[in-house]
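In: Please find the sequence and the predicted model below.
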Amino acid sequence: MSDSVVGTLRVPSAGNGTRSVPTTYYALLIAISTALMLARIARVDSADPKSPTPFQSANDRSRWATIRSLGDDGTYVIDHIIFDKQGNRVRGWHTIDLVKHRGPDGEEHYYSSKPTLLTTLLAGEYWLIKKLTGATLAEQPHYIARLMLVLTNVLPLAAALAILAWLIDRFGTTDFGRIFAVSAACFGTFMTTFAVTLNNHTIAAISLVVALAVIVPILTGECLAWRRFAVAGLSLGFVAANELPALSLLVFAGLGLAWRWPAKTLLAFVPAALLVAAAVVGTNILAHGDWRTPYAHRKDGAAIATLTDALAVPLNDGEATAQLLADLREQKVAVSEQPIIEQRARGDRWLLWDAPTRTELILQRTPEGAPKAEIEVRRRDNWYDYEGSYWQPKNLRGIDRGEESPLRYAFNVLIGHHGLFSLTPIWLLTVAGCAMWLRDMASGRRQPPGNSAITNRAIAAITVITTLVVLAFYLSRPQIDRNYGGGTCCLRWLLWLTPLWLLTLLPAADWLSTSRWGRAATIALLLVSAFSAAYAADNPWTHPWIFDYWTSMGWIDYK
């Protein structure tokens, strides 16, 4: 056994690929990372100095409003949380991440646009805290929010880091590579950055760690217990519930397991994943009366009838004339004698609500210059169309308008101001590591006991395929969705892939550890990555340092 120098710390290096790093080293790194997260949460606060809440963005306020409404009033409606009795916005609680649609009472209400399963689970956590302590989000938002962030983010993330350290220790072949990867997990990624805010990305990453912990022993043949397949289905299903593109990983993993263990996959993995799917659909129906998420309600249905353009005049006066009703009925649109007409855009757009038949229609005038001037009748299905909605194209500001050029968007997503590799260059090692495992380079040298070349290649393959699918999904979005995740410190939609990327950087880090220059290069990559993660440590809902620098230099302008 030889010694290799890492900074001023002498760490024994096992030349045969067996573990020689004491677990104490990992524990120290995780303890420091956890302490830093706890310290940041202890002082977490809103960027608005006049806000009475510690919520940092519209994104998390949207979730907190639902948690409070569910925990206190048993409803997903948040009208009374974000508006006061006079109809004024409540500072610290109002959010732009809203949808508005008709509820079971026949009235229009505001709801969070965020997926419902996670918020429902967190509302249960809040309800329990309220029962045990007597504190409420209305009266003690700082106390409740900070406590819930510790319980929801920090403690599970600390456990996930410990599991990652076990996996890294298992797959690494050099002590330097192992310590480097655990250090990167603790300080060099945005997983810990987002620990100070309520979000789905951290939860998805933690769920993926759990999935890896139960699937790796399956792949190596060490343990094929039915419960492992069930936990794998639950955890991967929950990843997909929090990150829709992660459905690809769920499918790929299910197919891979089914190829070798069809019975256990079909009878344990699949039912567990379907249980999560049922919870997703069920909570969405409870919240919105529809199985589709709010994100799927962004435009109205197809035209089902047309009206003469002359009806625009009485529609502007809110009149449902006999001619209007007759024309609708003639085209088989059921309405009663006295539907309600509301203006959405004077002279161009109106909403028709008929309570007896629960018919809700949008009447949209054809644009100026169209071949025929008429009014199209559509089923209302755009939940983002309401007075004051930020998400109408004319109201969007700055980066939320979306990048016009798909090529410029791809550049910035990969190596630009929100770049995957410019902000977190340690992922360059992931690219090399995946290639090495797929070519079986690592196993040709030293293979850690208990692993196999097949396991390494399987992990590398699913990492490459899933990453490419997710990148393709986001790069192919329409302009309004090409917004880099809004005001945020990284491309947060990719955050959940972090555990896979950490594992697959190991072969490259191990290979570079054999030379002084190689070790220096990996440390330099970690330095930049840790700087990017720490730059937004107090509030991840801020722009990355590259974005801020380019803006200050006048190279970009998203005003």
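Out: On my side now, so go ahead. Numbers count the residues shown, from 1 in each chain.
In: all strands of this structure, in order?
Out: In the chain, strands defined by DSSP state E lie at 2-6, 9-13, 98-102, 108-112, 303-308, 340-345, 349-354, 359-365, 374-379, listed in chain order.
In: right, so of the ones you listed, which gets closest to residue 38?
Out: If you check each of these against residue 38 by C-beta to C-beta, strand 9-13 wins as the nearest, at 24.9 Å. (Glycine included, C-beta is placed from N, CA and C.)
In: And stretch 252-266, what's buried?
Out: Neighbour-count burial for stretch 252-266 flags 252, 253, 254, 256, 257, 261, 264, 265 (criterion: 16 or more other C-beta atoms under 10 Å).
In: Same check on stretch 58-73?
Out: For stretch 58-73, a neighbour-count test (16+ other C-beta under 10 Å) marks 58-72 as buried.
In: do stretch 533-542 as well
Out: In terms of neighbour count (16+ other C-beta under 10 Å), stretch 533-542 has its buried residues at 533, 535, 536, 537, 539, 540, 541, 542.
In: Extract the residue ranges of the stretch 401-550 of the chain that are flagged as low pLDDT.
Out: 441-452 (pLDDT under 70).
In: at 50 what do you get?
Out: Applying pLDDT under 50 to the stretch 401-550 of the chain flags residues 441-444.
In: now the helices for it?
Out: Counting by DSSP state H, counting those that start in this stretch, the segments of the stretch 401-550 of the chain that form helices are 406-414, 420-423, 427-438, 441-445, 453-475, 498-504, 506-512, 516-535, 545-552.
In: Please name whichever of the ones you listed is nearest to residue 196.
Out: helix 516-535 (12.0 Å).
In: Report the buried residues of the closest one.
Out: Buried-residue list, helix 516-535, by 16+ other C-beta under 10 Å: 518, 519, 522, 525, 526, 528, 529, 530, 532, 533, 535.
In: again with stretch 319-335
Out: Residues 320, 324, 325, 327, 328, 333, 335 are the ones in stretch 319-335 that count as buried (16+ other C-beta under 10 Å).
In: wait, which of these is closest to residue 115?
Out: For those, the closest approach to residue 115 (C-beta to C-beta) belongs to residue 333, at 32.7 Å.
In: re the thing from before, mind checking the strands of the chain for the one nearest to residue 492?
Out: That would be strand 108-112 among those, by C-beta to C-beta, at 17.5 Å.
In: ok, that closest one: who's next to it in the sheet?
Out: Applying DSSP bridges, strand 108-112 is found paired with strand 98-102 (antiparallel).
In: Next, the angle from the partner strand to strand 349-354.
Out: 40 degrees (axes from the mean of the first three to the mean of the last three C-alpha atoms, to 10 degrees).
In: What lies in contact with strand 98-102?
Out: Applying C-beta atoms under 8 Å, 6 or more residues apart in numbering, the external contacts of strand 98-102 come out as 62, 78, 82, 108-113, 288, 294, 297, 353, 360, 383-384, 386, 389.
In: Kindly export that strand (C-alpha atoms) in CSV.
Out: C-alpha atoms of strand 98-102 as CSV (Å, rounded to 0.1, in the frame of the first residue of the first chain):
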residue,chain,number,x,y,z
LEU,A,98,-51.0,30.4,-10.8
VAL,A,99,-53.8,29.0,-12.8
LYS,A,100,-57.5,29.9,-12.6
HIS,A,101,-60.4,27.7,-13.4
ARG,A,102,-63.9,26.9,-12.3
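In: Can you pull up the most central residue in this structure?
Out: Closest residue to the average C-alpha location of the chain: residue 201 at 4.1 Å, with C-alpha atoms, centre = their mean.
In: Quick check: that residue vs residue 490, distance?
Out: Distance check for residue 201 against residue 490: by C-beta to C-beta, to the nearest Å, it reads 10 Å.
In: for residue 399, same thing?
Out: Distance from residue 399 to residue 490, by C-beta to C-beta: 13 Å.
In: Between these two, which is the more surrounded one?
Out: residue 490 (26 against 21; other C-beta atoms under 10 Å).
In: For the more buried one, which residues are in contact?
Out: 190, 193, 418, 423, 424, 532, 536, 540, 544.
In: give the contact list for the third one.
Out: When contacts are counted by C-beta under 8 Å, 6+ apart, residue 418 is found next to 412, 484, 485, 490, 491, 544, 546, 547.
In: and what of the fourth one?
Out: By C-beta under 8 Å, 6+ apart, residue 423 lies in contact with 490, 528, 529, 532, 544, 545, 546.
In: Residue 164: which of those residues is nearest?
Out: So of the contacts of residue 423, ranked by how close each gets to residue 164 (C-beta to C-beta), first place is residue 529, at 15.6 Å.
In: surely residue 430 meets residue 504?
Out: Yes. Between residue 430 and residue 504 a contact is recorded at 5.1 Å, counting by C-beta atoms under 8 Å.
In: May I see the domains of the chain written out as residue ranges?
Out: 58-149, 303-379 (automatic domain parsing).
In: Just name the most buried of these.
Out: domain 58-149 (a mean of 18; mean count of other C-beta atoms under 10 Å).
In: any idea how far residue 161 is from residue 288?
Out: As judged by C-beta to C-beta, residue 161 and residue 288 stand 36 Å apart.
In: Give me the more crowded residue out of these two.
Out: The neighbour count for residue 161 versus residue 288, taken as other C-beta under 10 Å, is higher for residue 161 (25 against 19).
In: Next up, the contacts around that one.
Out: 30, 33, 34, 182, 185, 186.
In: which residues touch the second one?
Out: Taking C-beta under 8 Å, 6+ apart as the contact definition, residue 33 lies against 158, 161, 186, 187, 192.
In: Hmm, the fourth one is touching residue 533, no?
Out: Spelled out, that is residue 187. Yes. Counting by C-beta under 8 Å, residue 187 does reach residue 533; the two are 6.6 Å apart.
In: okay, and the common contacts of the two?
Out: Both residue 187 and residue 533 lack any common contact, where contact means C-beta under 8 Å, 6+ apart.
In: Take stretch 183-194 and give me the span from its first residue to its final residue.
Out: By C-alpha to C-alpha, to the nearest Å, the extent of stretch 183-194 from end to end equals 17 Å.
In: residues making contact with that stretch?
Out: By C-beta under 8 Å, 6+ apart, stretch 183-194 touches 29-30, 32-33, 36-37, 153, 157, 161, 164-165, 168, 201-202, 205, 424, 426, 489-490, 492, 495, 498, 502, 505, 526, 529-530, 532-534, 536-537, 540.
In: Quick one: mean pLDDT for it?
Out: For stretch 183-194, mean pLDDT is 97.
In: quick one: buried residues of that stretch?
Out: For stretch 183-194, the neighbour count (16+ other C-beta under 10 Å) marks 183, 184, 185, 186, 187, 188, 189, 190, 191, 192, 193, 194 as buried.
In: and these as JSON lines, adding distance to residue 436?
Out: As requested, those are exported to JSON lines (distance: C-beta to C-beta, whole Å):
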{"residue": "183", "distance to residue 436": "20"}
{"residue": "184", "distance to residue 436": "17"}
{"residue": "185", "distance to residue 436": "20"}
{"residue": "186", "distance to residue 436": "24"}
{"residue": "187", "distance to residue 436": "24"}
{"residue": "188", "distance to residue 436": "20"}
{"residue": "189", "distance to residue 436": "21"}
{"residue": "190", "distance to residue 436": "25"}
{"residue": "191", "distance to residue 436": "24"}
{"residue": "192", "distance to residue 436": "27"}
{"residue": "193", "distance to residue 436": "28"}
{"residue": "194", "distance to residue 436": "30"}
